[in-house]
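Engineer: fold the following and give me the result.
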Amino acid sequence: MFDNICKFLAENFSTDFATWLLGEPISLTELSPSELSLEPIRADALILLESAEVVLHLEFQTQPDANIPFRMIDYRLRVYRRFPQKQMRQVVIYLKETSSELVQQNTFTIAGTRHEFEVVRLWQQPTEVFLRYPGLFPFAVLGGTDDRASTLQQVAQAIIGIPDQRLQNNVAAATAILAGLVLEKRLIQRVLRRDNMRESVIFQEIEAEAKAEGRAQGKAEGRAEGLQEGIRRVAVNLLKSQMPLEEVAKLTGLSIEDVQFLETQIEGEST
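Structural biologist: So this is what the prediction gives:
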């Protein structure tokens, strides 16, 4: 979920991200991994944005990942193969504070090869940076603040100032989801108006995914229940044929207790 939220923000507020990470408000468009002629290692975490001169590669991480350095050099070479004339900036952005040394790594090194990339640990970034641009509002609560609840209040006020209602709803929804990494749900819902967030593209997509997962789970549970009922019917037939309890349990995979219960039901029906 957090990967998708960050990807949504980067792609819909690319100028804000460019201003923050590249130092200039250039317009960036999405670069599809298919243009690199290779399948992405992990498509959900991959964000590639490009202009005529530069490719911006972003990786958002909630947990440390030992494979990040390899991913960085791998995609640097992929992009160079396709766009040898373009510059490339690669930034790994860690969302949640951790003491792991992995979040300090900014190089990939093997014998004869060294590749460097940038690392941003949000909890070490000034909160003010994220309050300057709407696309970065959702990261403010994860920044270097001593009072996250108060920062969320500031973000809520800043969101109200977004003139476009659709963008306002989307930023509010993204803020609510990312704030869940560090704040309680009840506080978030009290500060951010849930009725507005429900109108956002983000919440609609999450609800659609949840409904799809629910339908799939319901079908799987139905199949499992049907299978268990079929096994019980087989066990009943075996018991009626006078097969010993132990043999019925062994053949059907039911426990002795379950088979004994079925035998009791059979006896009750015959009396």
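
Engineer: pull up the distance across stretch 141-155, start to finish.
Structural biologist: The straight-line separation of the ends of stretch 141-155 (C-alpha to C-alpha, to the nearest Å) is 8 Å.

Engineer: kindly report the same for stretch 47-54.
Structural biologist: Distance between the two ends of stretch 47-54: 14 Å, counting by C-alpha to C-alpha.

Engineer: please enumerate residues in contact with that stretch?
Structural biologist: In this structure, residues lying in contact with stretch 47-54 by C-beta atoms under 8 Å, 6 or more residues apart in numbering are 6-7, 10-11, 14, 17-18, 22, 26-33, 55-60, 75, 79, 83, 86-89. In this view, the C-beta of every residue, glycine as well, is placed from N, C-alpha and C.

Engineer: buried ones in that stretch?
Structural biologist: Across stretch 47-54, burial judged by 16 or more other C-beta atoms under 10 Å covers 47-51, 54.

Engineer: figure out how far that stretch is from the centre of its chain.
Structural biologist: Stretch 47-54 sits 23 Å away from the centroid of its parent chain (C-alpha atoms, centre = their mean, to the nearest Å).

Engineer: quick one: mean pLDDT for it?
Structural biologist: Averaged across stretch 47-54, the pLDDT comes to 92.

Engineer: quick revisit: tell me which of the contacts of stretch 47-54 fall in helices.
Structural biologist: Among those, the residues falling in helices (DSSP state H) are 6-7, 10-11, 14, 17-18, 22, 75, 79.

Engineer: which parts of the stretch 51-200 of the chain are helices?
Structural biologist: 68-82, 127-130, 148-160, 165-179, 185-191, 194-197 (DSSP state H, counting those that start in this stretch).

Engineer: and those, which is most packed in?
Structural biologist: helix 165-179 (a mean of 23; mean count of other C-beta atoms under 10 Å).

Engineer: what helices or strands is that helix leaning on?
Structural biologist: Using 3 or more C-beta pairs under 8 Å, 6 or more residues apart in numbering; DSSP states H and E as the contact test, the elements touching helix 165-179 are helix 2-12, helix 148-160, helix 185-191, helix 194-197, helix 201-240.

Engineer: where along the stretch 1-150 of the chain do the strands fall?
Structural biologist: Using DSSP state E, counting those that start in this stretch, the strands of the stretch 1-150 of the chain run over 29-30, 46-50, 54-61, 87-94, 107-110, 113-116, 118-121.

Engineer: now the ones you listed in TSV, please, with extra columns for distance to residue 144.
Structural biologist: Converted to TSV, those look like this (distance: least, C-beta to C-beta, whole Å):
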stretch	distance to residue 144
strand 29-30	30
strand 46-50	23
strand 54-61	18
strand 87-94	13
strand 107-110	24
strand 113-116	24
strand 118-121	9
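
Engineer: mind checking which of these is nearest residue 128?
Structural biologist: strand 118-121 (15.2 Å; C-beta to C-beta).

Engineer: list the buried ones in the closest one?
Structural biologist: If you call a residue buried by 16+ other C-beta under 10 Å, then strand 118-121 has these buried ones: 119-121.

Engineer: thought residue 188 was touching residue 151?
Structural biologist: No: judged on C-beta atoms under 8 Å, residue 188 makes no contact with residue 151 at a distance of 12.0 Å.

Engineer: burial count for residue 122?
Structural biologist: Applying other C-beta atoms under 10 Å, we find 22 residues neighbouring residue 122.
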